[in-house]
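J.: just to be clear, the model below is a prediction. Sequence and coordinates:
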Amino acid sequence: MDSPAHRLLPGDPASPVLLHVPHGSRTVPAGVRAGLLLDGVALERELDLITDARTQDIAEHAARAAAVTPWRFVNERSRLVVDPERFPDEREEMRAVGMGAVYTRTTRREPLRPEPPADEAELLATYFHPYAEAMTRAVEDRLAATGRAVIIDVHSYPSRALPYELHGTDPRPAVCLGTDPFHTPDALVRLAREAFAPLGETGLNTPFAGAYVPLRHYTKDTRVHALMLELRRDVYLDEPVTPNDAGLLKVAECLAALIEEAHHG
């Protein structure tokens, strides 16, 4: 039997904080792999570039270090299967480079799937929509339990821009904080800047912008707060994927500090 496509790891019942780790897996099921145009070597190289390596570990270490354990929602499939954070329709700007909910192009803008993909509807039904529904339930559980939900989206990005990036010439600080005008209060940004100051420069919405909120709550529920954390990979890796344990633990300590402050509101 296949392993679950995503996992909700329980935290303290009193915690409103939900760490979301959407892009940390390299797992591509065999049925999905058959629809990809890359050979084995090219696929491994693409996974090196597109995967937010070790972000699951960062979230796990931070959760253990925090005084009040946050909840964690972890994607167990590669974003090459589906990208759960994209809009599944024309609202998604990354469709312009073949990276909507179902990618058709690689990080180097080379063919990944036929265009349009023959299995797009199946992939959305099998992976995208169940993921969105489960994440929505996780947020609603935090709202019911605590009266609010704080989604911290844990990502990473390479120190050098890749060809797929729409804003690759923008500054690439050690820590990028992605915000949403409806769901990211100024106080949360301030707390994040303070928490991650030990890592170096913190930028706002550069080179990536926005924050993930389930569509059921998006621009509708002010009790749902969201912040995207984008860590430049050379802060905690020898790129592209070689672990730097000291850097990773330092990042996790900073994230734990933000979790604690976000818990207190």
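T.: Alright, I've got the coordinates. Predicted model, so just to flag it, every value in this text is computed and none were measured.

J.: please count neighbours and contacts with C-alpha atoms only from this point.
T.: Will do.

J.: helices of the protein, start to end?
T.: Shown for the chain, the helices assigned by DSSP state H span residues 30-33, 40-50, 55-65, 120-123, 129-146, 186-196, 245-264.

J.: can you put these in a markdown table and add mean neighbour count, distance to L229 and mean pLDDT?
T.: What follows is these, written out as a markdown table (neighbours: other CA atoms under 10 Å; distance: least, CA to CA, whole Å; pLDDT from 0 to 100):
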| stretch | mean neighbour count | distance to L229 | mean pLDDT |
| --- | --- | --- | --- |
| helix 30-33 | 11 | 29 | 96 |
| helix 40-50 | 15 | 16 | 97 |
| helix 55-65 | 21 | 10 | 98 |
| helix 120-123 | 14 | 27 | 96 |
| helix 129-146 | 17 | 18 | 98 |
| helix 186-196 | 17 | 9 | 98 |
| helix 245-264 | 20 | 9 | 96 |
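
J.: and the closest residue to T55 other than its chain neighbours, what does it touch?
T.: Computed as CA to CA, 6 or more residues apart in numbering, the closest residue to T55 that is not its neighbour in sequence is G24, at 5.6 Å. By CA atoms under 8 Å, 6 or more residues apart in numbering, G24 lies in contact with 51-56, 75-76, 78, 155.

J.: pick out the most distant pair among these.
T.: Maximum pairwise distance among the contacts of G24 (CA to CA): 14.4 Å, between E76 and H155.

J.: closest to D89 out of the helices of the chain?
T.: Across the helices of the chain, closest to D89 is helix 120-123 (CA to CA), at 11.9 Å.

J.: can you show me the strands along the stretch 51-200 of the chain?
T.: Remark: strands assigned in the stretch 51-200 of the chain by DSSP state E, counting those that start in this stretch are 71-75, 149-157, 175-178.

J.: tabulate these (CSV), appending mean pLDDT.
T.: Formatted as CSV, these follow (pLDDT from 0 to 100):
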stretch, mean pLDDT
strand 71-75, 98
strand 149-157, 98
strand 175-178, 98
